[in-house]
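Colleague: everything below, folded, please.
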Amino acid sequence: MVVGVEVNSARRMFLAGGAAAAAAPTRGARKESRVPMRAIVVSTWDFGAAANRAVLATMKAGGSLVDAVEAGARVPEVDLTNHSVGEGGYPDRDGHVTLDAIIMDDAGGLGAVAALEEIVHAVSVARRVMERTPHTMLVGDGATQFAVAQGFERRKFLTPEAEAGWREWLRTSRYEPVANIENRRSIGAVPALNHDTLGILARSPEGRLAGACTTSGMAFKMHGRVGDSPQCGCGLFVERGVGAATSTGVGEEVTRIAGSARVVASMRSGLSPGAACREAVQHIAQLRGAAIKGVQVGFLALSSRGEVGAYALMPGFTYAVTDEHGNTQIRPAPSLAG
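Modeller: Model (predicted):
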């Protein structure tokens with residue numbers, strides 16, 4: 001059984017979907033893209049561009065939106081140069097690489113895993129949770145056991161670079177998250193604490209939505225720590241006829257306000273995607289005050305009409321936007337601090 005929005009064919013999607021006029025600007029709109037009645041894919045950070053290409057290729061091949069966002073999320077999960085997602089991720093303070101992921105569509109389909117070990121494609125396990133269990137989330141050993149029972153390969157993974165970074169970090173064991181570390185491939189001799197996700201949102205020509213989010217979590221976190229990424233309404237939220245949102249940055253701050261659900265709720269009340277993201281960021285700033293100095297949090301949102309918006313606490317958050325023709329732009333998000 002496939003839970004999700006089926007796209008009947010590439011021809012239907014890409015030839016019959018571009019007829020409607022552009023939606024009127026919504027209240028609070030900033031400089032945001034309007035892509036009426038066309039497929040569009042957006043994702044967090046510059047490395048999201050490769051994920052977007054996989055999403056679009058799957059949609060063109062006739063896959064469902066859920067097929068597509070799963071395929072996109074699987075790309076960084078096997079990118080060993082990416083130290084905040086999947087197999088190349090940094091471990092927790094005990095040396096274990098643990099993964100979190102969520103997948104969701106606008107028909108109520110939802111599956112997530114948290115603190116998953118020894119299974120590379122956390123997003124695919126999350127999809128199995130959605131489709132083959134009565135639950136919406138499995139965690140820890142239970143998630144791993146379920147994955148193995150579903151036929152996923154179990155193997156230990158800790159890349160030499162990640163292990164070296166962890167051992168270097170053990171010399172001081174300081175928790176000092178560094179904003180926007182995700183855009184740096186080299187972080188120097190002493191590893192900084194990364195805190196990124198790959199959040200991806202996709203829209204069909206008919207306005208249907210799905211999303212996924214995958215991460216290895218904060219580097220050198222306490223064993224058992226789970227951030228916002230796999231939590232519905234925090235790292236990801238999708239609502240039919242309204243929009244979808246995802247988050248990035250220090251997850252603890254996002255969970256305090258159920259950030260992605262808040263963004264979608266603001267869109268439902270009439271705010272544009274960008275204004276809704278800005279409202280969530282401003283609320284975090286007001287709530288936390290000096291406690292978030294130097295902390296990055298960003299939101300990315302996509303409306304059912306194809307509008308895109310983003311906002312962050314600090315400058316440096318980027319996101320990738322790919323249209324139905326495969327054209328991708330890397331855009332900087334506006335920020336509260338800049």
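
Colleague: what sits against the residue of the chain most remote from its centre?
Modeller: Residue distances from the centre of the chain (Cα atoms, centre = their mean) peak at Arg171, which lies 31.5 Å from the mean C-alpha position. Neighbouring residues of Arg171 by Cβ atoms under 8 Å, 6 or more residues apart in numbering: there are none. Just so you know, the C-beta spots here come from the backbone N, C-alpha and C atoms, and that holds for glycine as well.

Colleague: backbone phi and psi for Leu336, please?
Modeller: Note on Leu336: backbone dihedrals following degrees, to the nearest 10 are phi -70, psi -30.

Colleague: pretty sure it contacts Gln282?
Modeller: Yes. Between Leu336 and Gln282 there is a contact at 6.6 Å, judged by Cβ atoms under 8 Å.

Colleague: more neighbours, the two?
Modeller: Between Leu336 and Gln282, Leu336 has the larger neighbour count (other Cβ atoms under 10 Å), namely 16 against 13.

Colleague: how near is the more buried one to Ala276?
Modeller: Distance of Leu336 to Ala276, computed by Cβ to Cβ, to the nearest Å: 14 Å.

Colleague: can you check my assumption that Ala68 lies in a helix?
Modeller: Yes. Assessed with DSSP: H, G, I helix; E, B strand; the rest coil, Ala68 lies in a helix.

Colleague: count of neighbours near it?
Modeller: 29.

Colleague: show the contacting residues for it.
Modeller: By Cβ under 8 Å, 6+ apart, the contact set of Ala68 is Val7, Val41, Ala54, Val55, Leu56, Thr58, Met59, Ala202, Ala210.

Colleague: of the residues you listed, which belong to helices?
Modeller: Ala54, Val55, Leu56, Thr58, Met59 (DSSP state H).

Colleague: Ala219 and Ala320, how far apart?
Modeller: The span separating Ala219 from Ala320 equals 23 Å under the rule Cβ to Cβ.

Colleague: over to Ala291?
Modeller: Using Cβ to Cβ, Ala291 is found at 30 Å from Ala320.

Colleague: higher neighbour count, those two?
Modeller: Applying other Cβ under 10 Å to Ala291 and Ala320 shows that Ala320 carries more neighbours, namely 23 against 9.

Colleague: what's the local residue count around the nearest residue to Val55 once chain neighbours are set aside?
Modeller: Excluding its sequence neighbours, the residue lying closest to Val55 (Cβ to Cβ, 6 or more residues apart in numbering) is Gly72, at 3.9 Å. The burial count assigned to Gly72 is 31, neighbours taken as other Cβ under 10 Å.

Colleague: a strand runs through Gly72, doesn't it?
Modeller: No. Gly72 is assigned helix when assessed by three-state DSSP, not a strand.

Colleague: per-residue pLDDT, it?
Modeller: On pLDDT, Gly72 comes in at 98.

Colleague: check Val281 too.
Modeller: Here the pLDDT value assigned to Val281 is 98.

Colleague: quick one: it from Met104, how far?
Modeller: Distance check for Val281 against Met104: by Cβ to Cβ, it reads 22 Å.

Colleague: and those two? which has more neighbours close in?
Modeller: Neighbours per residue (other Cβ under 10 Å) separate Val281 from Met104, with Met104 holding more: 33 against 29.

Colleague: distance check, that one against Ala320.
Modeller: Per Cβ to Cβ, Met104 is found 19 Å from Ala320.

Colleague: which residues touch Gly309?
Modeller: Contact partners of Gly309, counting by Cβ under 8 Å, 6+ apart, are Arg30, Glu32, Ser272, Pro273, Gly274, Ala275, Ala276, Cys277, Leu300, Ala301.

Colleague: tell me the helix or strand right after the strand or helix carrying it.
Modeller: Element membership for Gly309, per DSSP states H and E: strand 308-312. Using DSSP H and E, the helix or strand that follows strand 308-312 towards the C-terminus is strand 318-323.

Colleague: returning to that earlier point: return the member of the ones in helices among the contacts of Ala68 nearest to Glu118.
Modeller: Ala54 (23.7 Å; Cβ to Cβ).
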